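Undergrad: Sequence first, then the predicted structure:
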Amino acid sequence: MKGLIVKDFINVSNSFRLVGVMVLFYGAISFLTESPGSFSGMFTLIFAMFLFGTFSLDELANWDSYALTMPLTRENIIQGKYLMMLLLTLIGFLVNAASLLVINIATKAESIFSGFEVPIGGFVIVIIFYSVLLPIIAKVGITKARIYFILIYMVPFLLGMLIFKKVKEDNMVPPERLMDVLEMVKDSIYIIAPLVMIVFLGISYSLSVGIYRKKEF
């Protein structure tokens, strides 16, 4: 298992230099504009996107066929990808959090933890997003899965934008019951979010393992 993780980290290691440049660039912008929000949750997403690179390189090298000749089970290979996804997302979150902390201190923000809800939210969203996408990658491969990636990302985004625009234009007032539910979710978000992630990851992992067991290479 350790070898699978190391292999994937070696494959994406060259991309880490780009992240260093981006941290410096956005850090300078945030400092000059005194706007820590410039970082938002971008690095959580960027690091998570490196997982696509590991799938692409594996597909080009016919890695799965080779890996299955070694003392590895199909479950091990899937476990390796899920662990890599969690590690990359966590690293992205930590880079984001550390950068925000430094910028908040440098710009003398009201709180050194100002804006931290964004990278935390980004972490949750990325985990849920990949929980949906990883079984699809296991089924159709990374090349075809990119189409699903666009649909999974763009459709909810566009629908959200359209709904928001409609509500704003018509000055619509959401039902009181809906507002009560949203307020309850907001108050319990630090309990609900981990539970939702665990449920999504559990279902996703089970689906991926089931699909990969039946796949032929």
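TA: Everything's here; your move.

Undergrad: Now for this structure, the helix or strand with the poorest mean pLDDT.
TA: Taking mean pLDDT, DSSP states H and E as the measure, the chain has helix 16-33 as its least confident helix or strand, at a mean of 66.

Undergrad: Looking at the protein, which helix is longest?
TA: Assignment by DSSP state H gives helix 74-106 as the longest helix of the chain.

Undergrad: Tell me which helix or strand comes right after that helix.
TA: Proceeding N to C from helix 74-106, the next assigned helix or strand is helix 117-140, under DSSP states H and E.

Undergrad: That following helix vs helix 74-106, what angle?
TA: Inter-element angle recorded for helix 117-140 and helix 74-106: 160 degrees (by axes from the mean of the first three to the mean of the last three C-alpha atoms, to 10 degrees).

Undergrad: average pLDDT for helix 117-140?
TA: Summarised as a single mean, pLDDT over helix 117-140 is 85.

Undergrad: buried sites along it?
TA: For helix 117-140, burial by neighbour count (16 or more other C-beta atoms under 10 Å) applies to 118-120, 122-131, 133-139. For the C-beta atoms, the positions are set from N, CA and C on the backbone; glycine is no exception.

Undergrad: Can you tell me the element Gly3 falls in?
TA: When secondary structure is defined using DSSP H and E, the element that contains Gly3 is helix 2-12.

Undergrad: roughly how far is that helix from the heart of the chain?
TA: Using C-alpha atoms, centre = their mean, to the nearest Å, the distance from the centre of helix 2-12 to the centre of the chain it belongs to is 18 Å.

Undergrad: now that helix: mean pLDDT?
TA: If you average the pLDDT values across helix 2-12, you get 80.

Undergrad: Who are the packing partners of it?
TA: helix 42-60, helix 74-106 (3 or more C-beta pairs under 8 Å, 6 or more residues apart in numbering; DSSP states H and E).

Undergrad: Lowest average confidence across those helices, which one?
TA: For the helices and strands packed on helix 2-12, the weakest mean pLDDT is recorded on helix 42-60, namely a mean of 77.

Undergrad: Could you measure from the spatially most central residue of the chain over to Ile10?
TA: Among the residues of the chain, the smallest C-alpha distance to the mean C-alpha position (C-alpha atoms, centre = their mean) belongs to Val126, namely 2.4 Å. Computed as C-beta to C-beta, to the nearest Å, the Val126 to Ile10 distance reads 22 Å.

Undergrad: mind listing what the nearest residue to Leu207 once chain neighbours are set aside touches?
TA: The spatial neighbour of Leu207 that comes closest, neighbours along the chain excluded (C-beta to C-beta, 6 or more residues apart in numbering), is Pro135 at 4.0 Å. Pro135 makes contact with 204, 207-208, 211, according to C-beta atoms under 8 Å, 6 or more residues apart in numbering.

Undergrad: correct me, but Phe50 touches Ile10?
TA: No: contact status for Phe50 versus Ile10: not in contact, 11.9 Å apart, counting by C-beta atoms under 8 Å.

Undergrad: Of these two, give the one with the bigger neighbour count.
TA: Neighbours per residue, other C-beta atoms under 10 Å: of Phe50 and Ile10, the larger number sits with Phe50, 22 against 11.

Undergrad: Thanks again, I'm all set now.
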